[in-house]
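Student: A structural model of the following input is requested.
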Amino acid sequence: PDTGEIRIVDNDNVCTNGSSAPVLGTPYFMAPEIVRGEATPSTETDLYSLAVLLFHLLFVGHPLNGEQEYRIHCLDLAAMRKLYGTNPVFIFDPNNSTNRPVPGWHDNAIIYWQIYPQFIRDLFTRAFTEGLRPEGRVRESEWQRAMVRLRDSIIFSADGSENFYDPELLRQGKPHICWHSKQPITLPPRLKIEDRIIMLTHVTTLSEHHFKGNFNFDQVLARVVQHPTQRGIWGLRNESGQVWHFTDSDGSLREVPHSKSVTLRDGLVINFGGVTGEIRG
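Tutor: Residues are numbered from 1 along each chain as shown. This is a model prediction of the structure:
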């Protein structure tokens with residue numbers, strides 16, 4: 001009531017694994033083994049439902065609604081049992097093209113699938129190929145890491161549209177094209193900390209998570225800022241309680257105290273105190 005944040009979405013079948021559930025769910029979101037009548041709700045089936053919900057949020061469609069759904073004239077219980085239970089086929093399954101999304105009918109999925117970076121598409125592909133079976137489900141922690149990585153991948157085109165940095169495009173030598181303007185995007189600098197890459201745009205902030213990988217985003221420890229007098233010169237401002245250190249271009253060791261900034265440049269290595277990051281691009 002104070003913040004409007006969602007705490008509980010739906011809890012009408014909360015129970016322990018193995019106990020009887022008063023509600024099985026909605027076929028649209030239920031795991032295939034529940035739709036087939038082979039299982040009841042459990043932690044493993046909830047992981048599948050989570051994947052469907054995330055797909056719906058990001059791609060504005062259902063992962064199993066493709067040509068098979070298009071050819072059904074009455075989406076009754078028998079049809080849903082086939083679509084979601086006995087013959088579930090991911091609409092972007094790389095090895096099975098029998099259920100591709102139909103242009104003009106499943107346009108949301110077709111359009112949004114191309115917007116997201118390859119690592120997101122790979123995770124959803126696993127969720128609805130291997131993950132059609134209980135032993136292949138994507139865990140919550142994997143989704144958490146992927147969504148944080150996705151947020152850190154946000155970049156902006158010249159017209160201000162949000163896009164995503166995709167390292168796979170970089171490896172292939174392909175440009176990033178804005179989904180809205182269809183124009184190439186000039187990539188901003190990126191910060192690499194261990195295996196994490198954060199795109200340094202004009203709105204980027206770094207939290208404790210970026211330095212420790214602990215999913216704590218409450219406190220901002222660094223912020224990308226523009227030089228107060230030189231337009232187009234950007235830096236990273238220290239908003240933490242520690243002094244940063246970096247080696248300048250002349251080889252001298254420099255300090256970045258609290259509230260001071262270091263100019264972003266390719267190859268710059270910053271010791272944030274316990275963790276080191278390198279600016280690329």
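
Student: quick one, strands of the stretch 51-200 of the chain?
Tutor: For the stretch 51-200 of the chain, applying DSSP state E, counting those that start in this stretch gives strands covering 154-156, 162-164, 190-193, 196-199.

Student: wait, which of those strands is closest to residue 259?
Tutor: Closest approach to residue 259 among the strands of the stretch 51-200 of the chain (C-beta to C-beta): strand 190-193, 19.3 Å. In this view, the C-beta of every residue, glycine as well, is placed from N, C-alpha and C.

Student: And stretch 212-232, what's buried?
Tutor: For stretch 212-232, a neighbour-count test (16 or more other C-beta atoms under 10 Å) marks 221, 222, 224 as buried.

Student: Next, format the strands of the stretch 51-200 of the chain as a markdown table and append mean neighbour count.
Tutor: Listed next are these as a markdown table, based on neighbours: other C-beta atoms under 10 Å:
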| stretch | mean neighbour count |
| --- | --- |
| strand 154-156 | 18 |
| strand 162-164 | 19 |
| strand 190-193 | 20 |
| strand 196-199 | 20 |
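
Student: For those, could you give me JSON lines that also reports distance to residue 234?
Tutor: Shown next, in JSON lines, are the strands of the stretch 51-200 of the chain (distance: least, C-beta to C-beta, whole Å):
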{"stretch": "strand 154-156", "distance to residue 234": "13"}
{"stretch": "strand 162-164", "distance to residue 234": "18"}
{"stretch": "strand 190-193", "distance to residue 234": "12"}
{"stretch": "strand 196-199", "distance to residue 234": "12"}
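
Student: Return the subset of the buried residues of stretch 212-232 lying in strands.
Tutor: Mapping the buried residues of stretch 212-232 onto strands (DSSP state E) picks out 221, 222, 224.

Student: Let me know the closest of these to residue 200.
Tutor: Distances from residue 200 to those, taken by C-beta to C-beta, are shortest for residue 224, at 5.2 Å.

Student: what's the closest one in contact with, if anything?
Tutor: Residues in contact with residue 224 (C-beta atoms under 8 Å, 6 or more residues apart in numbering) are 200, 201, 202, 203, 204, 205, 234, 235, 236, 237, 264.

Student: hmm, back to that, go through the ones in strands among the buried residues of stretch 212-232 and name the one nearest residue 140.
Tutor: residue 221 (25.5 Å).

Student: ok, that closest one to residue 193 distance?
Tutor: Taking C-beta to C-beta, to the nearest Å as the measure, residue 221 and residue 193 are separated by 12 Å.

Student: Give the intersection of the neighbour lists for those two.
Tutor: Shared contacts of residue 221 and residue 193, defined by C-beta under 8 Å, 6+ apart, are found at 210, 211, 272.

Student: Out of the buried residues of stretch 212-232, which is nearest to residue 247?
Tutor: Nearest to residue 247 among the buried residues of stretch 212-232, with distances taken as C-beta to C-beta, is residue 222, at 18.2 Å.
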